[in-house]
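Visitor: Let me see the structure of the following:
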Amino acid sequence: MALLKCRERQNSVNFLVLVPHRDSRIPLRGWSASLFNAGLPGAWSFPWAAPLTVLHRPLNEKTLKSLAGALRRQISKNGGKFTAGDSVSAALPAHIFKEKSAFIYGPALNITTELGIEYPVMEPVVMGSALHYGILPQNLPPPPQISFRAAAIANMCYWPLPASEYSFEWEIGKLYWLPKQK
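Guide: Okay, the predicted model is just below:
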């Protein structure tokens, strides 16, 4: 991702994200569709990635490679798999949403907050499937049961569009795949 593109966007935010292998994103796409059909208008407003932390600026290649290795070592303690649990909401940075409290909604991942980076890790770590403001609609379908070993981390730039409160664009930078488990 060109670093200037995010800086040029008004009200943009940089994230460090965990991106599962595309095969693991397929059930999340289907779930987003069912969330939308159940009355959650922001079901297509966030990518199928897990924001780990908000960044002041995108991280460089050396740092991303190091974090990919650290995340692999951490998840190795859990059998080497990322597993998705119950659906939860995590607060997003207020400055891009003006006067509203916005949340990312999706299945919680089994990641602890110790990544060894200078930024605080978002809690809980949520596999992005929707965006919502305030209270969720009733009777939303449960999340799919997913687990995955193959994943990458990347810089992501996220910014609002003027069309509506659920219109956003994002760019995910080069993927740094977690090393294979030894």
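
Visitor: If we ignore the residues flanking it in sequence, what's nearest Pro144?
Guide: The shortest distance from Pro144 to any residue that is not its chain neighbour, by CB to CB, 6 or more residues apart in numbering, is 3.8 Å, and that residue is Pro27. C-beta: built from backbone N, CA, C; applies to glycine.

Visitor: cool, and Asn139?
Guide: In space, and not counting its chain neighbours, Asn139 is closest to Ala38: 6.6 Å by CB to CB, 6+ apart.

Visitor: Leu52 too?
Guide: Among residues not flanking Leu52 along the chain, Leu16 sits closest, at 4.7 Å (CB to CB, 6+ apart).

Visitor: Leu92 now?
Guide: Counting by CB to CB, 6+ apart, Ala102 is the residue found nearest to Leu92 once chain neighbours are left out, at 4.7 Å.

Visitor: shouldn't that neighbour be in contact with His132?
Guide: Yes: under the criterion of CB atoms under 8 Å, Ala102 is in contact with His132, at a separation of 7.4 Å.

Visitor: helix or strand right after the host helix or strand of Ala108?
Guide: When secondary structure is defined by DSSP states H and E, Ala108 falls within strand 102-109. From strand 102-109 onward toward the C-terminus, using DSSP H and E, the following helix or strand is strand 130-133.

Visitor: which residues touch the helix or strand just after that following strand?
Guide: Helices and strands here follow DSSP H and E; after strand 130-133, the next one along the chain is strand 147-148. By CB atoms under 8 Å, 6 or more residues apart in numbering, the list of residues contacting strand 147-148 from outside reads Pro20, His21, Asp23, Ser24, Lys81, Phe82, Thr83, Ala84.

Visitor: Now strand 147-148: average pLDDT?
Guide: Mean pLDDT, strand 147-148: 92.

Visitor: go on, stretch 52-68?
Guide: pLDDT averaged over stretch 52-68 equals 91, rounded to a whole number.

Visitor: end-to-end on it?
Guide: 12 Å (CA to CA, to the nearest Å).

Visitor: buried ones in it?
Guide: With burial defined by 16 or more other CB atoms under 10 Å, the residues of stretch 52-68 counted as buried are Leu52, Thr53, Val54, Leu55, Pro58, Leu59, Thr63, Leu64, Leu67, Ala68.

Visitor: Bridging across strands, which residues link to the residue nearest to the spatial centre of the chain?
Guide: Residue closest to the mean C-alpha point of the chain, counted by CA atoms, centre = their mean, is Ala50 at 2.3 Å. Ala50 has these beta-bridge partners by DSSP bridges: Leu18.
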